[in-house]
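>>> got a sequence here, can you build the structure:
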Amino acid sequence: MLDDFISEPRLVEIDRADVAAVPARVDEVARELDFGASPLVYALFAMRTIPERIAGGSIEPLRLRLADIGRSGHGFAVLAEVPGHSLTVGAIGRFWETEIEFLDVPTDRFAAFAEPGWGKLAWEIRFEPLGERSTRVEFELRISATDDVSWAKLRRYYRLISPFSHFIRRHVLGMLQRELDTPEHVETTRPLPGDELLPQQAMRVTHGITIAAPPEKIWPWLVQMGCGRAGWYSRDALDNAGRASARTIVAELQRLELGQVLPATPEGEDGFTVLALEPERFLVLGGAFDRAANQSVEFFGPLPEHYWRVTWAFVLEPLDAGHTRLMVRASVDFAPTTVGLRLLWMRPIHRFMQMAQLRRLAARAEGTLPHHDDGPRDVGEGIVGAASMLIAFATPFLRRGRTHWGISEDLAKRDYPGDTFIETPRWQWTHGIEIDAPPSAVWPWIAQIGRDKAGFYSYQFLENVVGCDVQNAENLVEDWQHPQIGDELQLHPDMPGLPIRAIEEGHWLLAESAPAPDPSAPSWVRASWLFWVEPIDGGKRSRFISRYRCGTSDDWKTRLQFGPTIAEPIGFVMDRRMLLGVKERAEAHAKAKVKLRD
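Here you go, the predicted model:
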């Protein structure tokens, strides 16, 4: 309601705090709580009365209750209130004077009052529900003045007292939290789904985060978790074999069933079993382990002598139409014969990993994830790539062998689609690699290649150093699976893309630059890039070929810029890494699908 009293303030400050009670209860406690009982608040307010004390005046004991505002007949007055929702208070006065002179103005004239020489101040405390159990308390302060001269005085005064004012507001909100508790603290003790599966635990840790998205936007990210699936969105170098967690919703990972195991490691059968789930409400994972045999056992089966059992519950609680509280609880139980010292280091490590997961999961659900994220592994690989380029630059005499890396010279000499576009290229490469997966498992990774899609599966850090803004995908995205003739293969945001001229879905894709305007023109460049996948070994395996052909005019500047002297060493290193990147992803994805069927 502040807009009704100071609609165009010269200064606005807002403080917030969440408390573990419903709005009506918070309003009731806030009105009766004596904030003057705090020694800190008392000390700060007492500083304001120092001149009066020096003059020998008597100071009444400080009593600060919202319920007392306006009872003295002068100073601050209640401008408006909605019980259980808000209280609006205001004053008009010369706040910068040693003894503040207040002016009594009827509430209905407060907004329109404009007599020069006065300052105007209003604040509002609001109680907004956060879900069914909590409230966000918001304190908004608005300050203005009736003329510029008065505002200059008020601004100088407020600059002096603003640190104390802000501290008092934060301290008062903290008092309210201590009186009613915080949602975060209550979360650690309130029952959550999955608690019944491990009623006696040696350790129980609860973390939470408020996400600016409804539950239906968060749930798909939870469903696809797992090493070798979409990752865990945490520290990928530690819990996802260094592979970046998915940055998109993966359609094929959206089905989750009770008893399904989400892999915890890249290899082996250990993982978290789905123990309970209710779509868009909660997902409970768990595992049981025989420490002596160092292997997983059935969670609900007989327990070995030296066992550990864990549950990991993800609970979604809507706060309003656009916000959700995600609570994550990890509980651990172990046999009396098992040494519990590992709990000493498990707790800080779990917090380190869990908070990273919550932050990164929230960024995904909110759509605030940066387009690319070069981690230590990307930087390390980039250094290796840069060193490889230097070696390639220093060995031009090896260029002929590099032009058909990964395949025989006879395979490189075959005719391929697009060869007629540049019948006599100035230079070219035909690189290839064999992949232990059928073409149907390789093609989807090829189909989504592009700067604006899945990246190039190459040295991401190096591409981003030159401004490509690339993020290599670790999962397949359905929206990128069907490139069409006329689409562009994007290479760099500041360069025109290569239009797709022809395509045979599942087999090959050809991108070509626009034809040269006139071969006699002083300067021109044209290029074609073919991605070709074919079956080998009866269709059980594949060969992926990348063929690049480039033609240029004869002027030295174009030949230097686009010819093999500079472009070939760079192209060889980046293209080779792309082929390996497709191989890694296609083979891992094919193995994961086999494991999932089993």
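
>>> going forward, measure contacts between C-alpha atoms and count neighbours the same way
OK.

>>> got a list of what the closest residue to W123 other than its chain neighbours touches?
Spatial nearest neighbour of W123, excluding adjacent residues (CA to CA, 6 or more residues apart in numbering): L141 at 4.4 Å. With contact taken as CA atoms under 8 Å, 6 or more residues apart in numbering, L141 is in contact with V12, E13, I14, L121, A122, W123, E124.

>>> going by distance to Q448, which of the residues you listed wins?
The closest of these to Q448 turns out to be I14 (CA to CA; 45.9 Å).

>>> for that closest one, name its beta-bridge partners.
The residues listed as beta-bridge partners of I14 by DSSP bridges are E140.

>>> neighbours of it, how many?
Close neighbours of I14, defined as other CA atoms under 10 Å, add up to 14.

>>> for E32, same thing?
If we define neighbours as other CA under 10 Å, then E32 has 13 of them.

>>> in ChimeraX, select just the buried ones from the contacts of L141.
Of these, the buried ones can be selected in ChimeraX as follows, counting by 16 or more other CA atoms under 10 Å:
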select :121,122,123,124
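
>>> want to throw the contacts of L141 into CSV with pLDDT, distance to L580 and secondary structure?
Below are the contacts of L141 laid out as CSV (pLDDT from 0 to 100; distance: CA to CA, whole Å; DSSP: H, G, I helix; E, B strand; the rest coil):
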residue, pLDDT, distance to L580, secondary structure
V12, 96, 56, strand
E13, 96, 55, strand
I14, 96, 53, strand
L121, 95, 66, strand
A122, 96, 65, strand
W123, 95, 62, strand
E124, 96, 61, strand
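
>>> which stretches of the stretch 201-350 of the chain have low pLDDT?
The stretch 201-350 of the chain contains residues with pLDDT under 70 at 266-269, 337-344.

>>> any chance you could map the strands in it?
For the stretch 201-350 of the chain, the strands defined by DSSP state E, counting those that start in this stretch occupy 203-211, 261-263, 271-278, 282-290, 295-297, 307-320, 323-334.

>>> which of those sits closest to I503?
strand 261-263 (36.7 Å).

>>> who are the packing partners of that closest one?
strand 271-278 (3 or more CA pairs under 8 Å, 6 or more residues apart in numbering; DSSP states H and E).

>>> which stretch among the strands of the stretch 201-350 of the chain comes nearest V533?
Here strand 261-263 is closest among the strands of the stretch 201-350 of the chain (CA to CA), at 30.2 Å.

>>> which residues touch that closest one?
So strand 261-263 is contacted by M225, G226, C227, G228, E269, D270, G271, F272, T273, V274 (CA under 8 Å, 6+ apart).

>>> looking at the strands of the stretch 201-350 of the chain, which is closest to E184?
strand 203-211 (7.2 Å).

>>> in that closest one, what's buried?
R204, V205, T206, H207, G208, I209, T210, I211.

>>> likewise for stretch 386-396?
Buried residues in stretch 386-396 (16+ other CA under 10 Å): A386, S388, M389, A392, F393.

>>> likewise for stretch 577-596?
Applying 16+ other CA under 10 Å to stretch 577-596 flags 577-583, 585-590, 592 as buried.

>>> same list (the buried residues of strand 203-211) but as CSV, adding distance to E512.
Output for the buried residues of strand 203-211, formatted as CSV (distance: CA to CA, whole Å):
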residue, distance to E512
R204, 59
V205, 56
T206, 55
H207, 52
G208, 50
I209, 48
T210, 47
I211, 44
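
>>> which one of those sits closest to M355?
For the buried residues of strand 203-211, the residue nearest M355 by CA to CA is H207; the value is 7.5 Å.

>>> so what sits opposite the closest one in the bridge?
In beta-bridge terms (that is, DSSP bridges), H207 pairs with V328.

>>> what sits against it?
E184, T188, M327, V328, R329, Q354, M355 are the contacts of H207 under CA under 8 Å, 6+ apart.

>>> and the protein, what are its domains?
The record's domain parsing of the chain by automatic domain parsing lists 2-182, 191-366, 376-597.

>>> okay, which residue is most central for the chain?
For the chain, A363 is the residue whose C-alpha lies nearest the centre (CA atoms, centre = their mean; 2.1 Å).

>>> contacting residues around that one?
A363 sits in contact with L369, where contact means CA under 8 Å, 6+ apart.

>>> after the lowest-mean-pLDDT helix or strand in the chain, next one along is what?
Least confident element among the helices and strands of the chain, by mean pLDDT, DSSP states H and E: helix 50-54 (a mean of 54). Downstream of helix 50-54, the next assigned helix or strand under DSSP states H and E is strand 77-82.

>>> dump that following strand to PDB, keeping only the CA atoms.
Extracted as PDB, the C-alpha positions of strand 77-82 are listed here (Å, rounded to 0.1, in the frame of the first residue of the first chain):
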ATOM      1  CA  ALA A  77       1.200   7.100  12.600                       C
ATOM      2  CA  VAL A  78      -0.500   4.000  11.100                       C
ATOM      3  CA  LEU A  79      -1.400   4.900   7.500                       C
ATOM      4  CA  ALA A  80      -3.000   1.600   6.500                       C
ATOM      5  CA  GLU A  81      -3.200  -2.000   7.700                       C
ATOM      6  CA  VAL A  82      -4.500  -5.300   6.500                       C
END
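
>>> helices and strands around that strand, which ones?
strand 86-94.

>>> swap the cut-off to 10 Å and go again
If you count contacts as 3 or more CA pairs under 10 Å, 6 or more residues apart in numbering; DSSP states H and E, strand 77-82 packs onto strand 86-94, helix 107-110, strand 119-130.

>>> thinking again about what came up before, E298: which of the contacts of L141 is nearest?
Closest to E298 out of the contacts of L141 is I14 (52.4 Å), distances taken as CA to CA.

>>> list the residues that contact that closest one.
Going by CA atoms under 10 Å, 6 or more residues apart in numbering, I14 touches W123, E124, I125, E138, F139, E140, L141, R142, H166, R169.
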